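Novice: Could you look at this predicted model? Sequence included:
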Amino acid sequence: MSLPSPAPGHAAHATHASHPDLRALLRDTAPLAAETPVAEVAERMLDTRDASLLSLPIVADGRPIGSISRYELMRIYLTPYGRELFGRRPVASIANREALVLPLDMSLDEAARRIAERIASPITEDFILVDAQGRHAGTGVVLDVLRAMEARLAQRSTELEQAYSRVKSSQLQLMQSEKMASLGQMVAGLVHEINTPLGYVRNNVEMTRAALSDTAPLLRAFERMADGGALPDGDGGELAVLRSRVDSDFVEDTLGLLDDTLHGIGQITELIGHLRNFSRLDRAQTQQVELDGLIDAAVRILQHVMKKRGIELRRHRGPVPPIECAPAQINQVLLNLIGNAAQAIEHDRGRISIRTQVLGRRAIVVIEDNGKGIAESDLERIFDPFFTTKPVGQGTGLGLAIAHQIVEQHGGIIRVASRPGVGTRFIVGLPLPASTSGERT
């Protein structure tokens, strides 16, 4: 007895919603008896109720023993005298005894795999569905499986797009978190960098103010004299003293103090500008920038770290044309690599070498240190998220992973070589604009 077909548009069973099986595709089909004459089967094939089926099941004692396809009947009937020769024979005599039989509770994915293993071109047969006892339940249509798989693929594609969107959002949050973590580590040192020029700016302003305090009474006296007035008794000696203080040397000294003050303010402005550029959120905006300028900005922010550790910085600037990039992102990569290089140096003869050049169609940055190096077993994992060789609490494990991602998103490459006790070399290659790329070294 056939199981009822599920209502259109309704899931087969709630328990199968997450892992759909073949119940949703079951077609209630009356089976053929093994002794049914071929001519009668041909008439059955013309029945509108079975018009969409490629084959009909043949059942004996409630269990499928084979199937007969429209294709096979057409082949017989196109044979000379085929109707006369085969019309009275039982359908079991020409049945396909290797018809595909699948259980109702088979998952859609497994059914699609089994059908793909057996499917022929052109498709000439559908498949038979049986219940848990192996008894005939109905027919499954191959095209129904294909449509169901197509719908599932479309659903999964939508789910993947949504998941990708969530991952991208999470990545942006992680990138900003890593950037803020790096900023937190830098700010303490930058306070000293800012306090130094701020201190002598304040000192210069106080000295200038004290010096200018002598000019006010002198100018008032000169104004009275210019207006034809007389100086009060006793002011002549005081004015002579003031006049001796306010001379051309005084003016030059004051101008020098103001120049120093402007220089200090410029240093503070530069430091704050570098911090602002590093922390800004417009990571996706691309523009043409000088690669060495980005390196200078990163070095300026990390200068206090290198000073504190007594690290010598060596720069080798090659003729590199402007590159097209998101400056804030590449700045983050450089800060991470240079900062890691500085932290890897634990002796008093530290050295970091930064070299830029053009190689083929890429602008190359080589950052090399003579620090403790990286163990060979760790080299394959250093770009993995949350992997770090730093002590607990001193690293997020995201810096190099994000750097790797940023460089790849720019169409570039990042490579590393290291020897424990000798040092580490990172190489970053970023694509040059097509109009400027060429073989230069």
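Specialist: Okay, I see it. Numbering: from 1, shown residues only.

Novice: how deep is Leu398 tucked in, by neighbour count?
Specialist: 22 (other CB atoms under 10 Å). Heads up, the C-betas are built off the backbone N, CA and C, glycines and all.

Novice: My guess is it contacts Asp384. True?
Specialist: No: with contact defined as CB atoms under 8 Å, Leu398 does not reach Asp384; the gap is 10.1 Å.

Novice: Identify the contacts common to those two.
Specialist: Taking CB atoms under 8 Å, 6 or more residues apart in numbering as the criterion, Leu398 and Asp384 do not both touch any residue.

Novice: Next up, phi/psi of Ser353, please.
Specialist: Here is the backbone geometry of Ser353 (degrees, to the nearest 10): phi -110, psi 130.

Novice: Give me the phi and psi angles of the residue lying closest to Gln285 once chain neighbours are set aside.
Specialist: Leaving aside its sequence neighbours, Gln285 sits nearest to Ala326 (CB to CB, 6 or more residues apart in numbering; 6.1 Å). Main-chain dihedrals, Ala326, degrees, to the nearest 10: phi -90, psi 100.

Novice: what's the burial count for Ala326?
Specialist: Neighbours of Ala326 under the rule other CB under 10 Å: 18.

Novice: State the distance from it to Gln288.
Specialist: Using CB to CB, to the nearest Å, we find Ala326 at a distance of 11 Å from Gln288.

Novice: Looks like the residue nearest to Gln285 contacts Thr286 (just checking).
Specialist: Yes: in terms of CB under 8 Å, Ala326 counts as a neighbour of Thr286; the distance is 5.1 Å.

Novice: Buried ones in the helix or strand where Ile402 lies, by neighbour count?
Specialist: Using DSSP states H and E, Ile402 sits in helix 399-409. Using 16 or more other CB atoms under 10 Å as the burial criterion, the residues of helix 399-409 that qualify are 399-407.

Novice: Dump the C-alpha coordinates for it into PDB.
Specialist: Below are the C-alpha coordinates for helix 399-409, written out as PDB (Å, rounded to 0.1, in the frame of the first residue of the first chain):
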ATOM      1  CA  GLY A 399      48.500  41.100  14.700                       C
ATOM      2  CA  LEU A 400      50.200  38.900  12.100                       C
ATOM      3  CA  ALA A 401      47.000  37.300  11.100                       C
ATOM      4  CA  ILE A 402      45.400  40.700  10.300                       C
ATOM      5  CA  ALA A 403      48.600  41.800   8.600                       C
ATOM      6  CA  HIS A 404      48.600  38.700   6.400                       C
ATOM      7  CA  GLN A 405      44.900  39.400   5.600                       C
ATOM      8  CA  ILE A 406      45.400  43.100   4.800                       C
ATOM      9  CA  VAL A 407      48.400  42.300   2.500                       C
ATOM     10  CA  GLU A 408      46.500  39.600   0.600                       C
ATOM     11  CA  GLN A 409      43.400  41.800   0.200                       C
END
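
Novice: Let me see the mean pLDDT of that helix.
Specialist: What helix 399-409 shows for mean pLDDT is 87.

Novice: Sheet-wise, list the partners of the helix or strand following that helix with their directions.
Specialist: As assigned by DSSP H and E, the chain's next helix or strand after helix 399-409 is strand 413-419. Strand pairing for strand 413-419, using DSSP bridges, gives strand 423-431 (antiparallel).

Novice: tell me how far whichever strand or helix holds Arg300 is from the chain's mean position?
Specialist: Secondary structure assigned from DSSP H and E places Arg300 in helix 291-309. Once both centres are worked out by CA atoms, centre = their mean, to the nearest Å, helix 291-309 turns out to sit 26 Å from its chain's centre.

Novice: What mean pLDDT does that helix get?
Specialist: Here helix 291-309 scores 87 as its mean pLDDT.

Novice: Ok, stretch 264-275 next?
Specialist: In this model, stretch 264-275 has a mean pLDDT of 75.

Novice: Alpha carbons of it, in PDB - could you do that?
Specialist: Output of stretch 264-275 as PDB, limited to C-alpha atoms (Å, rounded to 0.1, in the frame of the first residue of the first chain):
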ATOM      1  CA  GLY A 264      58.200  71.600  19.600                       C
ATOM      2  CA  ILE A 265      54.500  72.300  18.600                       C
ATOM      3  CA  GLY A 266      55.300  70.800  15.200                       C
ATOM      4  CA  GLN A 267      56.700  67.600  16.800                       C
ATOM      5  CA  ILE A 268      53.600  67.200  18.900                       C
ATOM      6  CA  THR A 269      51.300  67.800  15.900                       C
ATOM      7  CA  GLU A 270      53.300  65.200  13.900                       C
ATOM      8  CA  LEU A 271      52.900  62.600  16.700                       C
ATOM      9  CA  ILE A 272      49.200  63.200  17.100                       C
ATOM     10  CA  GLY A 273      48.800  63.100  13.300                       C
ATOM     11  CA  HIS A 274      50.400  59.800  13.100                       C
ATOM     12  CA  LEU A 275      48.300  58.400  15.900                       C
END
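
Novice: from now on call the first residue 751
Specialist: In the new numbering, first residue 751, that becomes stretch 1014-1025.

Novice: Tell me where the model's unsure across the stretch 1051-1191 of the chain.
Specialist: 1136-1137, 1139-1147, 1186-1191 (pLDDT under 70).

Novice: if you set the cut-off to 80 instead, what comes out?
Specialist: 1135-1149, 1185-1191 (pLDDT under 80).

Novice: now the stretch 801-950 of the chain
Specialist: 869-871, 914-947, 950.

Novice: Swap in 90 and give it another go.
Specialist: 801-802, 825-835, 837, 859, 866-874, 896, 899-903, 905-950 (pLDDT under 90).

Novice: And the strands in it, which stretches?
Specialist: Assigned strands in the stretch 801-950 of the chain, in chain order: 805-810, 813-819, 851-853, 877-880, 886-890 (criterion: DSSP state E, counting those that start in this stretch).

Novice: can you tell me which of the ones you listed comes nearest to Leu1085?
Specialist: Of all these, it is strand 851-853 that lies closest to Leu1085, at 59.6 Å by CB to CB.
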